[in-house]
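K.L.:
Got a predicted structure plus its sequence, pasted below:
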Amino acid sequence: MALKKVKGNIERMFDKNLTDLVRGIRNNKENEAKYISQCMEDIKQELRQDNLSVKSNAVAKLTYLQMLGYDISWAGFNIIEVMSSSKFTLKRIGYLAASQSFHCDSELLMLTTNMIRKELNSQNQYEAGLALTSLSCYISMDLARDLSNDILTLKKAVLMMYKVFLKYPEALRPAFPRLKEKLEDPDPGVQSAAVNVVCELARKNPKNYLSLAPVFFKLMTTSTNNWMLIKIIKLFGALTPLEPRLGKKLIEPLTNLIHSTSAMSLLYECINTVIAVLISISSGMPNHAASIQLCVQKLRILIEDSDQNLKYLGLLAMSKILKTHPKSVQAHKDLILQCLEDKDESIRLRALDLLYGMVSKKNLMEIVKKLMVHMDKAEGTIYRDELLSKIILICSQNNYQFITNFEWYITVLVELAQMEFGSKQGHVIGAQLMDVCIRVQAIRAFAVAEMAQLLDVYTSTSQFTIMQEVLYAAAWLCGEFVSELKDPEQTLQSMLKYKVLPQHIESVFIHNIIKIFAHVMEKYELNQQYEEILRLCDLITNKMSESIKSGELEVQERASTSLIIVNIVQEEILAKRNMVATKIMDVDDSVELKPTTVDPKDTVASELLTLFTGELNPVAPKAQKKVPVPEGLDLDAWISEPLEESDSDSEPEMTENLFVKSDKSRSSFYEKHHPEPTEEEIKKSREARKHEQKNNPHYLKGSNSTDTNNTNNVVAVDNIPVAELNLNVPLKVVGQKRSDKYLSTNNDKKKSKKKSKKKKHHSESSSDEAPEAGPIIEVKQDMELPEGATLSDSESDHGLKDDPHKALDIDLDLPAYGFTAKPEQEKVEPEKKEKKHSKKKTEKGKSSKKKSDKHKEKVVHANDNRDSLLTFDNENGGKVDAKTKKVKKEKKEKKKSKDRDGKSKSKKSSSGYEEALGISTPSKEFQ
C-alpha cells in the first residue's frame, strides 16, 4: 500500500496541471487544435486513475477547455465523483465544473440530490454556500421539489429560493411565511435579499403581496440602502393600481426622496413611481400639478447631463409623462429638439418619439420644418429612414388630426420623395400620397398636379432622383383621378417614356396608361380628331410591344391585355374615320357640309371608360380576414387536376455539357429572340442616331466643306439668334423649399391674430388655439368591410408562451391541493362518527355547493386581510374599514340565514335523521 502511494505521488510529479495547460496552449498557437486533442487524451487517462487528486486536476483542466468552447458532457460522472470528495479544495473544483457544464435538463442531476442535501445540512458554512452557489446554475424541477425544504432551513438561501419557485411554484405557499419573516431580519443582507425575491415574484401577480405594504412602507421610510429602496419603489409602482389609497400615502415620501436624493438611479425610479401613482389616483387627487412639475424639472436635469445613460433615461421617463400631461412636456420642446443633434443615435430616436406626442395644430409645421432641415444634415441610412417615417407618423396620426393645410402636407411628401432617394421608406410616402388623395376630396386636384409634375421630372432626367415606390403612387393617382389633370395628354406621353422599373410598378404604369388614354380619347372622339387618336394608339402599341417581352409574368399579362384593347380601339376608330371620309366624298361640292355632333354615349371611349367607373374607398386592414368562405368552396382543393407525367412527355436526356452553351443553342436563341431587322427598321434607327448626335452638345461633329470660309466671317453679336428653351420641368431657385411658404403665411396670420387680440383684450391661451388655414376640409374616416363584419382590435396573441415567470401567477390566498384547515377538521370529527352512514349518501350531492361556498368565504377573508393590513393610511382608511366590515357582517348573516333555511329543508338522510345545523362537511378535494 505504501509503495502504491509513493508510485502515485511520483506519477503526479510529471502530470500537467492547469497552469501547464494554459502555457502550452499559448505556446502552440499554430497547432492549437492538435495540441488540445493531445491534452484531451492525457486528461482521459488521468480520469481513469483511482486518485481523486489526479481526477480533480483533470476536471480543472476540462473546466478551462469548456470555457474555450469544447464539449465536456462526456465527463459528467467524473465531475460528480470529484464533487463527492471529502476535501473542500477538491470539492470546490467539482462544483465549479458542474455549474459550468450541467444544465437543468442534464440526465445526471438525479445522482446529485442526496449529495447536495448532505452539503446543505453540513455544519460547515462554506460547504453549504458552495452547494447553494452551484445549485443555482442548474436547478431542475425535480431538484427544486426534493430540496426546497432543505434550502428553507438555511438563513442565507433567500435568493436561491427564487430559482426554486421558478422551477417548482408549489413551494411558494409553504415558504411564503418564512419569506415574510426575512423582511424584518436584523441582518441587512438577508433583508435586502428578501426584498429582491418579493419584487421579482410580484412581476406576475402583485395582488399576492399587497398585504406586505406596511412592511415595505416602513422599510422605505427608514432604510438608507439605495438599491433596496429602488426595488421597494418599483414594487409600490406595481401595487398602486390595485389599491388607490396606497398611492395617496406614497406621494409625500416619494416627493421627499426626489428632493433629497443625489443618486440618479433612485431619482429615476422615484419619478417613475410618482407617474404611476398619479395616473392611478388622478380621479381622486386632481391637484397634483406641483408633483408633475417637480418630476419634469428633475428630468430636465437628467436630460441636460453629459452622461448619455442619464440622458436616455430622462427622455424615457419624459415620454411616460407625455401620455397623461402633454402640456407640461411641451414647454421643453427646445430641449427635445437639441437632443436631435446628439451623437448617440438611440438618444436621437428617443427624442423623435417624444416629438410625436408634442405635436399640436399650432406647432406642426414648425416641428416638421426643423425635422426636414435636420434630415439634410443627418448621417446614417437607418436613422434617416427612422426620421422620415417619424415625420409621416407625426403628420398622419389620428386621421390627420393636426393638419390644417393639406397642400402643405402634399408638398412635404413630394420634397421627401426627392430628398431621400434610395431610402427604404418610399412605399410609406407612396401610401400616404394615395391615402390623402382618397380620403380628402378637396386636395385631389393639387395632388394630381404634383404627381404629374413628378412623372415629368422622372422621364425628363437621365438619373433616378425620385424614389421608385413613389412613382407607383404617382401613376396610380394620375390614372384614378384623371379628370383632375390639366393636361392629360402630356401626362400620358410622360408615362409612355418610363424606363426599367420593378415589376409591380411597371404593371401599374401599364394599367393607368389605358385609363388616361380612354379619357384623352373621349375628347378627341367628340371633336372627330381621329388622326390624333390613331397617333396615340401607335405610341401605346410601340411601348406595349416592348413590355410584352418582359420576363415578369404580371407585366406580360398587363401589356398583352392593353395591347389587345388598343388594337380593338384602333380598328373601331379606323372604321369611323373611313365612314366620315365616305360621307364627305358622297356630298357634292356645291352643298355646304354641316358639322355633325357625336353622341357621347355612342363613342368608343365611353365603352372603354366603363371598365374604370366607380370610386375606390380605403379598405380596412383586416377586411380580407372578415370575408366569409362561401359554402361548398374548398380552398385546398385543386382547381384543375395536375397532369400525369408519362414517359413520352419526359424531358430528353442532356448529352451535352450542362454548364457550357454550345454554338447551336446560341445561334438558335439569337434567331428566336433577335430576328434580322428589315431595311426600314435600319433606316429608322440610322436617322434616330443622327438626330441624337446632332442635338447632343457633347458629341464632336465633323466640319463640312461649305463651312471652310466661316473663320473669315465674323458674326455680330446682335445677329446671334436667341433660342427658346422648351423645358418640361420649371426652373427652381435653390435655397428655400416650397413647403416653407406655407409656414411663412401661417406666421403672418398668427401676427395679425395677435394684433387683433391686443385690441380686443381677449385672454385666451395660445396653446389651445388652432391656426386658421382656410375652410375646414373633410377627411373620410370610413373603411370598407365585408357585409356584416365589424372592425375589431388586433387578434394576434402577444403573450409569451415560454415566459418562465408565468408559473408564478398563483393566488396565495387559496390553499393548495392537499392542504386543509386543521381546526375545522377537529370540530367536524365527532359529528362524523355519529352520522357516518347518513353523510355517505348525501355527501356527493352537496360537495359542489360547498366548494363554491368555501371559495367565496376565502376570497372575502382575503379582502378582509388586505383592508386590515392597510390601516396605516390615517386619512380615510379607518372609516372605510369600518364601513366595509359592517357591510360584510350583514352579508355573512344573510348567507347564514339562507344556508340554515336550505339545510333544514334538504339535509335529511334516508334513515330519517337530520344533520346538525351550521356544520359543513369538508369536500373530498381537501381530505
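P.N.:
Sure, I can see it. None of these values were measured; they are calculated from a predicted model. Numbers count the residues shown, from 1 in each chain.

K.L.:
Return the residues in contact with Cys199.
P.N.:
Lys231, Ile232, Lys234, Leu235 (Cβ atoms under 8 Å, 6 or more residues apart in numbering). Quick note: C-beta positions are derived from backbone N, CA and C, even for glycine.

K.L.:
so, if you compare the residues you listed, which one comes nearest to Ile367?
P.N.:
Lys234 (34.0 Å; Cβ to Cβ).

K.L.:
I figured that closest one hits Leu266, correct?
P.N.:
No. The criterion here is Cβ atoms under 8 Å, and Lys234 misses it with Leu266 at 10.9 Å.

K.L.:
and the gap between Leu143 and Leu120?
P.N.:
11 Å (Cβ to Cβ, to the nearest Å).

K.L.:
Pretty sure Asp146 sits in a helix.
P.N.:
Yes. Asp146: assigned to a helix according to DSSP: H, G, I helix; E, B strand; the rest coil.

K.L.:
so what's it up against?
P.N.:
Counted by Cβ under 8 Å, 6+ apart, Asp146 has contacts Thr113, Arg117.

K.L.:
Return the per-residue confidence for it.
P.N.:
Predicted confidence (pLDDT) for Asp146: 90.

K.L.:
Repeat that for Arg866.
P.N.:
47.

K.L.:
Next: Ser282.
P.N.:
Looking at Ser282, the pLDDT reads 57.

K.L.:
related to what we said a few turns ago, for the contacts of Cys199, which one is nearest Leu539?
P.N.:
Among those, Lys234 lies closest to Leu539 (Cβ to Cβ), at 70.9 Å.

K.L.:
List the buried residues of the helix or strand hosting the closest one.
P.N.:
Element membership for Lys234 (DSSP states H and E) is helix 226-239. Using 16 or more other Cβ atoms under 10 Å as the test for burial, helix 226-239 gives Met228, Leu229, Ile230, Lys231, Ile232, Ile233, Lys234, Leu235, Phe236, Gly237, Ala238, Leu239.

K.L.:
and the spatially closest residue to Val164 that is not a sequence neighbour, how many neighbours does it have?
P.N.:
Take Val164 and drop its neighbours on the chain: the residue closest to it by Cβ to Cβ, 6 or more residues apart in numbering is Ala144, 4.5 Å away. For Ala144, the count of nearby residues is 23 (other Cβ atoms under 10 Å).

K.L.:
Ala144: what's it in contact with?
P.N.:
Ala144 touches Lys163, Val164, Lys167, Tyr168, Ala171, counting by Cβ under 8 Å, 6+ apart.

K.L.:
contacting residues for Glu552?
P.N.:
Gln503, Glu506, Ser507.

K.L.:
Between these, which sits nearest Met419?
P.N.:
Glu506 (24.4 Å).

K.L.:
what about that closest one, helix or strand, and which?
P.N.:
helix 503-526.

K.L.:
Report all helices and strands that the following helix or strand past that helix contacts.
P.N.:
With elements assigned by DSSP H and E, the helix or strand that comes after helix 503-526 is helix 530-547. Secondary-structure packing of helix 530-547 (3 or more Cβ pairs under 8 Å, 6 or more residues apart in numbering; DSSP states H and E): helix 488-495, helix 503-526, helix 553-586.

K.L.:
Surely Leu21 is in contact with Lys61?
P.N.:
Yes. Using Cβ under 8 Å, Leu21 is in contact with Lys61, at 5.0 Å.

K.L.:
Common neighbours of these two, please.
P.N.:
Contacts common to Leu21 and Lys61, judged by Cβ under 8 Å, 6+ apart, are Cys39.

K.L.:
Pull out the C-alpha coordinates of the next helix or strand after the helix holding Lys234 and format them as PDB.
P.N.:
On the C-terminal side of helix 226-239, the nearest following helix or strand under DSSP H and E is helix 244-260. The C-alpha trace of helix 244-260 is given here as PDB (Å, rounded to 0.1, in the frame of the first residue of the first chain):
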ATOM      1  CA  PRO A 244     -55.500  53.700  -4.700                       C
ATOM      2  CA  ARG A 245     -55.300  54.600  -1.000                       C
ATOM      3  CA  LEU A 246     -51.700  53.400  -1.100                       C
ATOM      4  CA  GLY A 247     -50.900  55.900  -3.800                       C
ATOM      5  CA  LYS A 248     -52.100  58.800  -1.700                       C
ATOM      6  CA  LYS A 249     -49.900  57.800   1.100                       C
ATOM      7  CA  LEU A 250     -46.800  57.400  -1.100                       C
ATOM      8  CA  ILE A 251     -46.800  60.900  -2.700                       C
ATOM      9  CA  GLU A 252     -45.300  62.600   0.300                       C
ATOM     10  CA  PRO A 253     -42.300  60.200   1.000                       C
ATOM     11  CA  LEU A 254     -41.600  59.900  -2.700                       C
ATOM     12  CA  THR A 255     -41.500  63.700  -3.200                       C
ATOM     13  CA  ASN A 256     -39.100  63.900  -0.200                       C
ATOM     14  CA  LEU A 257     -36.900  61.400  -1.800                       C
ATOM     15  CA  ILE A 258     -36.900  63.200  -5.100                       C
ATOM     16  CA  HIS A 259     -35.900  66.400  -3.300                       C
ATOM     17  CA  SER A 260     -33.200  64.900  -1.100                       C
END
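
K.L.:
So for helix 244-260, what gets flagged as buried?
P.N.:
Under the neighbour-count criterion of 16+ other Cβ under 10 Å, helix 244-260 has Arg245, Leu246, Gly247, Lys248, Lys249, Leu250, Ile251, Leu254, Thr255, Leu257, Ile258 buried.

K.L.:
Can you tell me how far Gln493 is from Glu631?
P.N.:
Relative to Glu631, and taking Cβ to Cβ, Gln493 is found at 50 Å.

K.L.:
ok, those two, which is more surrounded?
P.N.:
Each of Gln493 and Glu631 has its neighbours counted (other Cβ under 10 Å); Gln493 has more, 18 against 5.

K.L.:
Could you tell me how far the more buried one is located from Leu90?
P.N.:
Distance, Gln493 to Leu90, by Cβ to Cβ: 90 Å.

K.L.:
what's the answer for Pro177, then?
P.N.:
Pro177 is 39 Å from Leu90, by Cβ to Cβ.
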